[in-house]
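Chemist: Have a look; sequence and predicted model below, questions after that.
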Amino acid sequence: MNLNFNAYGLVLLFFGALMAIMAVYVYRRGTSAVRWFGLMMGSSAIWSITYGLELSSSNLKDMLFLINFEYIGIATLPINWFLFCLSFCDKGCWYKKPLNITFLLLPSAATLVMVWTNSFHHLHYQDVKLALNGPFPMVDITPGVWYRIFTVYFYILLACGCYLILIKFKHSDSIYRKQNYSILIAALIPWVGNILYLIGIRPIHHLDITPYSFIFTNFLVFLGTYRFKLFDIVPIAREKVLELMDDGFLIVDEKQRIIDYNVSLYNYTTFPTTEKMIGHTAKEVLREHPSLIEHIENGFVGRAEIQSTINGEVKYFEAELLVLDKNNINDVITIIKLQDLTTAKKDAILAKEQALELAKVNQLKDRIFSIIAHDLRGPMVNLSEVLKMVAYNELKDDEFKKIAPTLSKDIVYTTDLLENILHWSRSQLKGFGINKEFFNVRNIILNEINYHLPSANLKNINIIHDVFPNEIAYADVLMFQIVVRNIINNAIKFCHEGCEILITASYQNNGMLKVCIKDNGVGISNELQKKLFTEENFSSRGTRNEKGTGLGLMICKDFMQRNGGDITVDSEEGVGSTFCITLPTKA
């Protein structure tokens, strides 16, 4: 092959070789759109290199031989351009259908066959001859029928690709304007070059300037790839990935302006959903997250847990920040991902509260077992031994009469203890329910006064009530009865002989009924008052050395709170105590 290189051929050879290298490099980047762009550069490189060799050839045989290879690039270039546009515009599903891709490839395959067998039918070129009227020999081609068919096919694919690009960027944000201009201008250049060739406007009569125009197209798109981050910032991956994420995702530039985000970000801010975030600053969009804004401004990299208040609700988030700084112009960006941890955080707090509650229950359980093992077992063993001695006549009547009061106290104590343990255990059972109902408070109080009269009479204590008839409350009757019984029992226990216990009831402005049990007994110190209703509860001896369980008031507090009420105490040492119960009056 005899080659005489000229400026036109050398330009094509140089840029064709450069494009071949770039095509390999771009193809290795791996993403779908970029790979198709790399294949398009490869087709253009084949066309440029072989056409450059054709322009450097001096005889028709060599030129026709090179044209056969040249059409490998010409026939595949419009396909690669169209597939690049489909992938770039997220329409890749179209060419994945076998029928569509077959329909797309057939004209190009047929064109290659027509070119390689043209000497038999002359459907692609009617006539091919050597033109020597220019500065160097060139091929003078008379187009055939198939040449015109392929030209139409070529233009249809170019037009379809340009249309997809135009629609893609028509709905893009203004932040992508430079990228838009880059690829739109690149798409128009081959049209201009080929149309000028077809209408005869050429630097040299038979010179085809189309491959030169595709060189400009490829370099403009390549420029957009690296100068304007065409394939990194344009929302291709955004549409495929970011919009499917529940996590909030945004990208800000060096001026903290938002240049990209996903729809889920609206769930992490009160920014209006009808307004686009592009172009706004991070301070404007993330005003509910001051700590996150501070991280962004300080260039923080890594993960941070933040707490924010959105629409009056406290929420917890994990923010992950990544700063990309390659020390190039417009190359500093910060990528932020927001993940909602509110549910997990609340679950963790609830689990911690439940663990603490379980620890308290276990502590109380251990206390109850200790009471059962010691306080409950002791009186029962004593009673058993006394009964054995009576049965075997080992105990005289006068001796029995001396210890009878002590045994009676032990039995009363044991009964109270068993009752409290029983009620507490029942309330802790899974599935235990509260049977709320309307009831007459005066009737319950009268019953409890009658129940405690024997023990009150032993200490000459006067129990007075000032409760009007038909005062109604809405709660669990049994629980209320247990609470009143425990408080009256404690009042008798800590009263001296001749004391007085006053029980009153009155309606409150907040729709509650307040029942107070007041005594003028020994009273309770301020320090001990703080421990009355807690797990640190204690047992004190009464004025006649009566024992207590240390469980009653804690159970009373629990029962009242379960019924939507409460129990409080006001006491002074040496003066007396007043326990007040509040109960709902409405369902």
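Modeler: Okay, I see it. Numbering: from 1, shown residues only.
Chemist: Pass me the low-pLDDT residue ranges in the stretch 101-250 of the chain, would you?
Modeler: Applying pLDDT under 70 to the stretch 101-250 of the chain flags residues 169-188, 190-191, 193-195, 197-203, 205, 218, 221-245.
Chemist: cutoff 50 now
Modeler: 230-238 (pLDDT under 50).
Chemist: what about the helices in it?
Modeler: 118-121, 145-170, 177-198, 210-226, 230-233, 236-240 (DSSP state H, counting those that start in this stretch).
Chemist: Then the stretch 451-587 of the chain?
Modeler: 477-493, 526-529, 552-562.
Chemist: Run the angle between the longest one and helix 552-562 for me.
Modeler: Read that as helix 477-493. Angle, helix 477-493 to helix 552-562, by axes from the mean of the first three to the mean of the last three C-alpha atoms, to 10 degrees: 150 degrees.
Chemist: What is helix 477-493 packed up against?
Modeler: Applying 3 or more C-beta pairs under 8 Å, 6 or more residues apart in numbering; DSSP states H and E, one finds that helix 477-493 makes contact with helix 397-428, strand 436-440, helix 441-458, strand 500-507, strand 512-519, helix 552-562, strand 576-584. C-beta here means a position set from N, CA and C on the backbone, and glycine is covered the same way.
Chemist: List the buried residues of the second one.
Modeler: Which is strand 436-440. In terms of neighbour count (16 or more other C-beta atoms under 10 Å), strand 436-440 has its buried residues at K436, F439.
Chemist: got the CA coordinates for that strand in PDB?
Modeler: Written as PDB, here are the backbone C-alpha positions of strand 436-440 (Å, rounded to 0.1, in the frame of the first residue of the first chain):
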ATOM      1  CA  LYS A 436     -63.300   0.100  86.100                       C
ATOM      2  CA  GLU A 437     -66.800   0.900  87.100                       C
ATOM      3  CA  PHE A 438     -68.900   3.600  88.800                       C
ATOM      4  CA  PHE A 439     -69.300   3.000  92.500                       C
ATOM      5  CA  ASN A 440     -70.400   4.800  95.700                       C
END
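Chemist: Touching that strand from outside, list them.
Modeler: Contact with strand 436-440 is made by P469, N470, E471, I472, A473, Y474, A475, D476, V477, F480, N563, A587, as judged by C-beta atoms under 8 Å, 6 or more residues apart in numbering.
Chemist: try 6 Å
Modeler: I472, Y474, A475, D476, V477 (C-beta atoms under 6 Å, 6 or more residues apart in numbering).
Chemist: The fifth one now?
Modeler: By C-beta under 6 Å, 6+ apart, the surrounding residues in contact with strand 512-519 are 473, 487, 491, 495, 501-508, 576-583, 585.
Chemist: Next, the angle helix 477-493 makes with that strand.
Modeler: Orientation note: strand 512-519 sits at an angle of 20 degrees relative to helix 477-493 (the same axes, to 10 degrees).
Chemist: in its sheet, what does strand 512-519 sit against?
Modeler: Strand pairing for strand 512-519, using DSSP bridges, gives strand 500-507 (antiparallel), strand 576-584 (antiparallel).
Chemist: got the CA positions of the longest one in CSV?
Modeler: Going back to what we said before, that points to strand 576-584. Coordinates of each C-alpha in strand 576-584 appear next as CSV, following Å, rounded to 0.1, in the frame of the first residue of the first chain:
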residue,chain,number,x,y,z
GLY,A,576,-49.7,13.6,112.2
SER,A,577,-50.2,12.6,108.6
THR,A,578,-52.7,13.1,105.8
PHE,A,579,-52.8,10.7,102.9
CYS,A,580,-54.9,11.9,99.9
ILE,A,581,-56.2,9.7,97.1
THR,A,582,-57.5,11.2,93.8
LEU,A,583,-59.9,9.2,91.6
PRO,A,584,-61.5,9.9,88.2
